[in-house]
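*Asks:* The following comprises the amino acid sequence and a computationally predicted model.
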Amino acid sequence: MKLYAVAAAVDSVMATLNGTKNVRKVTKAALMPTLAATSPPRDPGMAVGLAGSWAGDVALLGDSDRAFRTGLFSFLVAHVGYTAALARRSRPGSRRAVLPIVAASATGAAVFSRAAGPMGRPVALYALTLGTMVAAASTARGPGARRVFGGAALFAVSDALLGAGRFVLKGQAARAAAAGVMPTYAAAQWLIHTGFAREGAPA
């Protein structure tokens with residue numbers, strides 16, 4: 001996993017610097033292929049999650065609303081894949097955290113959809129899909145379950161920072177939020193995939 005950690009660290013630094021867009025076409029686009037090489041997905045849903053995440057990473061290198069919508073849709077597909085994979089590891093009696101997570105997701109969807117203006121509906125749909133993935137992660141069982149849930153929760157943090165930086169905050173506060181997006185995102189993906197792949201976890 002050292003190669004992925006290096007790639008994530010380099011791209012996280014590049015994301016905070018001006019004039020690095022061309023460099024990030026390499027560093028950011030390399031993240032998910034590197035993760036796939038170091039932790040190959042054994043579940044079709046996890047493979048969809050990786051592919052959708054890669055497409056979203058590439059799309060969000062652009063600054064336009066169209067690029068944002070494309071990235072949003074790509075990550076929505078990724079979360080559907082992750083949710084399907086995680087649901088297969090759900091166990092009876094493991095759903096106590098689902099209701100609070102769904103409530104928090106609905107609240108977040110309402111807040112960000114209002115702030116997003118014309119993109120409010122797709123943002124709300126995405127937030128609810130992300131919340132569903134986090135809820136599914138909370139029900140997973142197996143040796144890597146805690147790591148997976150931590151990754152899912154961190155994914156929500158990363159996306160909250162992205163949404164806050166784009167739609168809510170201004171100036172230095174927006175830049176501070178944006179600086180936290182890639183480190184939390186890269187860590188989230190690593191936790192989800194390495195947790196899911198741990199030997200002995202139920203398939």
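*Replies:* In hand now; what should we look at?

*Asks:* can we go C-alpha only for contacts and neighbour counts from here?
*Replies:* Will do.

*Asks:* What residues sit buried inside the helix or strand bottoming out on mean pLDDT in the chain?
*Replies:* The weakest-scoring helix or strand in the chain, judged by mean pLDDT, DSSP states H and E, is helix 98-115 (a mean of 91). By neighbour count on 16 or more other Cα atoms under 10 Å, the buried set for helix 98-115 is 98, 101-102, 105-106, 108-110, 112-115.

*Asks:* Next one: the most centrally placed residue in the chain relative to Ala186, how far apart?
*Replies:* Taking Cα atoms, centre = their mean, the centroid of the chain lies closest to Phe155, which sits 4.1 Å from it. Distance, Phe155 to Ala186, by Cα to Cα, to the nearest Å: 9 Å.

*Asks:* next one: Ala8
*Replies:* 6 Å.

*Asks:* Pull up the overlap in contacts between those two.
*Replies:* Common contacts of Ala8 and Ala186 (Cα atoms under 8 Å, 6 or more residues apart in numbering): Leu31.

*Asks:* what comes up buried for the helix ranked longest in the chain?
*Replies:* Using DSSP state H, we find that the single longest helix of the chain is helix 65-87. Buried residues in helix 65-87, counted by 16+ other Cα under 10 Å: 67-87.

*Asks:* ok, now stretch 10-29?
*Replies:* For stretch 10-29, burial by neighbour count (16+ other Cα under 10 Å) applies to 11-12, 14-15, 24, 27-29.
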